[in-house]
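Q: The sequence isn't on hand, but the structure is:
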């Protein structure tokens with residue numbers, strides 16, 4: 001317990017910034033109008049694409065003979081960023097389908 005308190009005391013400012021950014025992000029995202037949702041998803045997909053490239057580079061520099069932190073972080077970064085990109089494209093496609101005009105089929 002003493003080590004945890006010492007860690008929090010040493011990293012007080014970083015923890016404050018992380019908590020503040022969490023609440024600020026939640027507040028900003030909660031007030032985004034639905035019209036801006038599709039461009040935001042496209043931006044998030046672009047950022048996740050950069051994360052995929054960074055994860056691949058990290059995996060390229062990892063020592064594959066031993067199980068180390070670089071290997072684990074690289075695999076997790078590529079996996080979760082790929083999920084985020086795929087999910088973002090699915091959500092964006094569904095949002096764009098909502099704005100398409102539906103074809104009227106005449107029933108005789």
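A: Great, that's in hand. Keep in mind that this is a model prediction, so the values were computed, not measured. Residues are numbered from 1 along each chain as shown.
Q: alpha carbons only for contacts and neighbour counts from here, please
A: Noted.
Q: got the domain boundaries for the chain?
A: Domain ranges of the chain: 1-31, 34-99, per automatic domain parsing.
Q: Report the rounded mean pLDDT for the first one.
A: I take that to be domain 1-31. In this model, domain 1-31 carries a mean pLDDT of 87.
Q: before we move on, back to that, any chance of the domains of the chain in CSV with mean neighbour count as columns?
A: Output for those, formatted as CSV (neighbours: other Cα atoms under 10 Å):
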stretch, mean neighbour count
domain 1-31, 11
domain 34-99, 15
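Q: in this protein, which helix has the most residues?
A: Longest among the helix segments of the chain by residue count, using DSSP state H, is helix 69-98.
Q: Now do it, average pLDDT.
A: Mean per-residue pLDDT for helix 69-98: 84.
Q: And the closest residue to residue 73 other than its chain neighbours, which helix or strand is it part of?
A: Once flanking residues are discounted, residue 73 sits nearest to residue 55: 7.6 Å by Cα to Cα, 6 or more residues apart in numbering. Residue 55 belongs to helix 37-61 when elements are defined using DSSP states H and E.
Q: Off-centre distance for that helix?
A: Here helix 37-61 is found 8 Å from its chain centre; the criterion is Cα atoms, centre = their mean, to the nearest Å.
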